[in-house]
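Undergrad: Predicted model and sequence follow; I will ask about them next.
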Amino acid sequence: MSTAPDFATQPREFLQHLYRAAVQRALPLHNTAAFLPRPPKGRTIVLGAGKAGGSMAQAVEALWPADAPLEGLVVTRYHHIPPRPAGLAQRIEIVEASHPVPDAAGLQAAQRILAMTQGLSADDLVLCLISGGGSALLTLPAEGLTLQDKQGINKALLNSGANISEMNCVRKHLSRIKGGRLAAACAPARVVTLTISDVPGDDPSIIASGPTVPDATTCADAVAILQRYGISVPGAVMSLLEQGALETPKPGDAVFAGNEVHMIATPQQSLEAAAEAARAAGLMAHILSDEMEGESREVGKVQAALARAVSFRGQPFAKPCVILSGGETTVTIRKQPEGTPRGRGGRAGEFCLGLAQALQGRVNVWALAADTDGIDGVEDNAGAFVAPDTLHRAQALGMKVDQYLDRNDAYGYFGAIGGLVVTGPTHTNVNDFRAILIT
């Protein structure tokens, strides 16, 4: 790892250094070898979906014995296929599709992946590469649903404030491939799943809506979530849900016998890598949690209160220090008056808006929040940076943080003052990364 910038004189560069350390820890090539099974007697088919799908596939190609057969198909987000290393032969096809709202390319990829499971035997191995984003990328609507229906439901879920486990409960029950159904289609072949966690608690049944693992949630749970957030689905589909006709394979089902799941990278591991990088630079580092959830702006305000306590009183942590956290917060999109331009931004940016609002320009506090996949929501930035002069610089341009929060426009706010963090796709995904530096 490169030498860390001085945290006292280069706070922004130092926080970016910690972010890079977190991302580096989660790259598939560093984490895959220990979990690869031996080649089987029969075929080895690689199937997968997620924002890290391209780099996971390349890691398998680099590590799999050159004389052992290997084939397959993985779908990742547009522009998330990493450059192919020189001399690395392509044996796994990688295709691109839309995220976070599914599209026809994702539908076609899911159909092809499901078709590749036909005719497998007990001598065959299916290696499944699963990472965050797979719920949208691996889209195969349940009976009675069209792609357009799924797109509308996905948008409603994303705007509702539902957490990731709630969203993926619905997605599983409205799919023909998620919620363990892909593993069921692979039987009697052995299924080994390698997954990168992007969810609080690292539950493999939630990551990408768990296409290869049992699902403990029920149709009734999905109905309750749809009703809780006022999300409509076609009447015939709601009837199927209410009747339990769209139920997923459950724990204990024979289709999962002999299958394995390995977590190759997690948010906690990345936070620990960032903490290690901070300590190597002579700075105390404290990890709050890798499982933080809640409204992004409110999480920002709570962490601002913690940072102010450290700044003013040296409690609960002595300064200088850095406070790290991960997880998956949510953004509830506020309705705007007719004709008002819709705001832009994602969870990390909205966290930074709430943080900056509550810090009120505290002189010795800096922060960076970014998604570890390099994309905050659907924009071209990974996140945003907060400095002691953030509010002042915006006010000099006539910009009020309250107004930007009201219209969920973190991108517009930080873009105008040079506060966006832009990295491009990182080719992995262990979700939110937040670091607050108090000097």
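TA: Sure thing, it's come through.
Undergrad: For Val75, what are phi and psi?
TA: Its backbone dihedrals place Val75 at phi -110, psi 130, with angles given as degrees, to the nearest 10.
Undergrad: Looks like it contacts Leu140 (just checking).
TA: No. Contact status for Val75 versus Leu140: not in contact, 11.4 Å apart, counting by C-beta atoms under 8 Å. The way it works is simple: take the backbone N, C-alpha and C, and place the C-beta from them, glycine included.
Undergrad: Neighbour count: the two, which is higher?
TA: When neighbours are counted by other C-beta atoms under 10 Å, Val75 comes out ahead of the other of Val75 and Leu140, with 29 against 24.
Undergrad: Tell me the bridge partners for the more buried one.
TA: Ala49, Val95 (DSSP bridges).
Undergrad: what pLDDT does the spatially closest residue to Pro188 that is not a sequence neighbour get?
TA: With sequence-adjacent residues excluded and distances taken as C-beta to C-beta, 6 or more residues apart in numbering, Pro188 is closest to Ala122, at 4.5 Å. At Ala122 the predicted local distance difference test score is 96.
Undergrad: For Ala122, give its distance to Ala265.
TA: Separation of Ala122 from Ala265 (C-beta to C-beta, to the nearest Å) stands at 30 Å.
Undergrad: Ala367 reaches Val421, doesn't it?
TA: No. With contact defined as C-beta under 8 Å, Ala367 does not count as touching Val421 (10.8 Å).
Undergrad: rewinding a little: would you mind telling me which of Ala122 and Ala265 has more residues around it?
TA: A side-by-side neighbour count of Ala122 and Ala265, using other C-beta under 10 Å, places Ala265 first with 27 against 12.
Undergrad: Common neighbours of Val75 and Leu140, please.
TA: Residues within reach of Val75 and of Leu140 at once, by C-beta atoms under 8 Å, 6 or more residues apart in numbering, are Ala110.
Undergrad: In contact with the residue lying closest to Gln243 once chain neighbours are set aside, which residues?
TA: Setting aside the residues directly before and after it, Gln243 is nearest to Cys219 in space (C-beta to C-beta, 6+ apart), at 7.8 Å. Residues counted as contacts of Cys219 (C-beta under 8 Å, 6+ apart) are His173, Leu240, Leu241, Glu242, Gln243, Gly244, Ala245, Leu246, Glu247.
Undergrad: part of a strand, is Leu324?
TA: Yes. Judged by DSSP: H, G, I helix; E, B strand; the rest coil, Leu324 forms part of a strand.
Undergrad: For it, give the beta-bridge partners.
TA: Checking Leu324 by DSSP bridges, which sets the bridge assignment, gives partners Ile287, Ala435.
Undergrad: For it, which residues are in contact?
TA: If you count contacts by C-beta under 8 Å, 6+ apart, Leu324 has them with Leu18, Leu271, Ala274, Ala275, Ala278, Ala285, His286, Ile287, Leu288, Phe433, Arg434, Ala435.
Undergrad: Also Leu405?
TA: For Leu405, the set of contacting residues under the criterion of C-beta under 8 Å, 6+ apart consists of Arg297, Glu350, Leu353, Gly354, Gln357.
Undergrad: Nearest to Ala49, out of the residues you listed: which one, please.
TA: Distance to Ala49, by C-beta to C-beta, is smallest for Glu350 among these, at 26.6 Å.
Undergrad: and the closest residue to that closest one other than its chain neighbours, what is it in contact with?
TA: Taking C-beta to C-beta, 6+ apart, and ignoring the residues beside it in sequence, Glu350 has Ser296 as its nearest neighbour in space, at 3.9 Å. Under the criterion of C-beta under 8 Å, 6+ apart, the contact partners of Ser296 comprise Thr329, Thr330, Val331, Arg347, Ala348, Glu350, Phe351, Gly354.
Undergrad: Which residue, other than its chain neighbours, is closest to Gly179?
TA: Gly179 sits nearest to Lys172 (C-beta to C-beta, 6+ apart), 3.2 Å away.
Undergrad: With Ser165 instead?
TA: Nearest residue to Ser165, sequence neighbours excluded (C-beta to C-beta, 6+ apart): Ile206, at 5.3 Å.
Undergrad: and what of Leu125?
TA: Sequence neighbours aside, Pro40 is the residue nearest to Leu125 in space, at 4.1 Å (criterion: C-beta to C-beta, 6+ apart).
Undergrad: surely that neighbour meets Leu127?
TA: No. Under the criterion of C-beta under 8 Å, Pro40 lies out of contact with Leu127, with a separation of 9.9 Å.
Undergrad: of these two, who's got more company?
TA: Just comparing Pro40 and Leu127: by other C-beta under 10 Å the higher neighbour count belongs to Leu127, 25 against 19.
Undergrad: And the residue nearest to that one when sequence neighbours are not counted, what's its pLDDT?
TA: Using C-beta to C-beta, 6+ apart and skipping the chain neighbours, the partner closest in space to Leu127 is Val46 (4.8 Å). Note on Val46: pLDDT of 98.
Undergrad: need the longest helix for the protein.
TA: Using DSSP state H to define each element, the chain has its longest helix at helix 296-313.
Undergrad: so where do the strands sit in the stretch 1-150 of the chain?
TA: With DSSP state E, counting those that start in this stretch applied, the stretch 1-150 of the chain shows strands at 44-49, 71-77, 93-97, 125-131, listed in chain order.
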